[in-house]
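1. give me the fold of what follows.
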Amino acid sequence: MGTGIALPPPEALGHHEFEMVIRKLANDLAHGADESIFVGSGLEYAQSRPYEPGDSIASMDWKVSARTGTPFVKEYDTLKRVPVQIVVDTSGSMVTSSGSLSKYAMATWIAAATGLVAQRRMSPTRLIGGGARQLPSQTSLSRGALQQAIEALRHPDAAEKTHIAEALDWVRATTLQRSVVFVLSDLHDPEAIDACRRLSQGHDVAVIELQDPAESGLTRGGFYRGSEAETGQHFLGSSKTAWGIDSEKGRRGDLAEGGIDHLLLKTDQDFISPVRRFLSDRGQG
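-> Numbering: from 1, shown residues only. Below you'll find the predicted structure:
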């Protein structure tokens, strides 16, 4: 269960099995993680004070410590409830797969587990579809509202068109309070990168890019016929076909120009450990 790649497609499970797997994934994702790894899930900063024996290293104020030459720790008082919004690309290109777990299935598992962990950390959370469908969700601490959106998300539609850039612009236009926005997408929408950059001007944006091995020519030998999920254009491919996608970095460079955190995940590999590290690295920043 912890590896992620052994998971079945979400739509293959019954409702109760589906919920049980989400809870297990959320536990795995949060295991051993500091409470502050989710921006907006910890406490509101109040002041810094000198370090005392027994203080957590995670609470160290490194900037003040370096400036004064004396160890200082941060003190917090009230809960800050920064919204967490998870935008999931539900388009047809996410559904096509060369292996047992599609990009869509992996995105669904990650979105569901991340949303549950965020709510546990007292961050109002909602899921937003990046395709043609509308997910029944609002930014809330209500577990029922989140579950309703997750339930609607788990059934893929191979014919669905991409609207990920429009969804990101919609979040930017309708969200007044600064929030944490996770984007789960293969970034096939040519407007997606610019939309992420625009959104990052007022929000903390993190992109988890999903990649199928076939997209980077990493499949075993042989030929295959296919069609582009969103245009319907047919093609003949092989293990040597180059699709213009960097198999090692994805779109990291394009996103880094906008100060956006990026994680590239491949559908034939573990995702829990990389996502946990990704969140931890963000928390340390």
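2. how many residues are close by residue 84?
-> Other residues within reach of residue 84, judged by other C-beta atoms under 10 Å, total 26. Every C-beta, even on glycine, is put in place using the N, C-alpha and C of the backbone.
3. in the sheet, who's paired with it?
-> Beta-bridge partners recorded for residue 84 (DSSP bridges): residue 125, residue 180.
4. the strands in the protein, which residues?
-> Across the chain, reading from the start of the chain, the strands by DSSP state E fall at 43-50, 72-79, 84-88, 125-129, 180-185, 204-211, 223-227, 234-238, 261-266.
5. the fifth one vs strand 125-129, what angle?
-> To tie it back to what came earlier, the one meant is strand 180-185. Angle of strand 180-185 versus strand 125-129, following axes from the mean of the first three to the mean of the last three C-alpha atoms, to 10 degrees, is 30 degrees.
6. and the angle for strand 180-185 with strand 204-211?
-> Between strand 180-185 and strand 204-211, the angle formed by their directions is 20 degrees, by the same axes, to 10 degrees.
7. excluding covalently adjacent residues, which one is nearest to residue 49?
-> residue 75 (5.8 Å; C-beta to C-beta, 6 or more residues apart in numbering).
8. quick one: neighbours of the one you found, just the number.
-> Other residues within reach of residue 75 by the criterion other C-beta under 10 Å amount to 14.
9. same question for residue 269.
-> A count of neighbours around residue 269, defined by other C-beta under 10 Å, yields 15.
10. ditto for residue 216
-> By the measure other C-beta under 10 Å, the count of residues near residue 216 is 18.
11. hang on, isn't residue 276 packed against residue 26?
-> No: contact status for residue 276 versus residue 26: not in contact, 11.2 Å apart, counting by C-beta atoms under 8 Å.
12. show me the contacts for the nearest residue to residue 146 once chain neighbours are set aside.
-> The shortest distance from residue 146 to any residue other than its chain neighbours is 5.4 Å, reached at residue 115 (C-beta to C-beta, 6+ apart). Residues counted as contacts of residue 115 (C-beta atoms under 8 Å, 6 or more residues apart in numbering) are 84, 86, 125, 126, 127, 146, 150.
13. how close does the closest residue to the last one other than its chain neighbours get to residue 159?
-> Looking back up the chat, that one is residue 150. Setting aside the residues directly before and after it, residue 150 is nearest to residue 112 in space (C-beta to C-beta, 6+ apart), at 4.7 Å. The spacing between residue 112 and residue 159, counted by C-beta to C-beta, to the nearest Å, is 23 Å.
14. so between the two, which is more surrounded?
-> Between residue 112 and residue 159, counted using other C-beta under 10 Å, the more crowded position is residue 112 (28 against 12).
15. roughly how far apart are that one and residue 60?
-> From residue 112 over to residue 60 the distance is 33 Å, taken as C-beta to C-beta.
16. that older thread, most neighbours, which of the contacts of residue 115?
-> Neighbour counts for the contacts of residue 115 peak at residue 125, which has 33 neighbours (criterion: other C-beta under 10 Å).
17. wait, the residue nearest to residue 49 touches residue 48, no?
-> Yes: contact status for residue 75 versus residue 48: in contact at 6.8 Å, counting by C-beta under 8 Å.
18. quickly list the domain ranges of the protein.
-> What automatic domain parsing lists as the domains of the chain is 10-32+82-284, 43-79.
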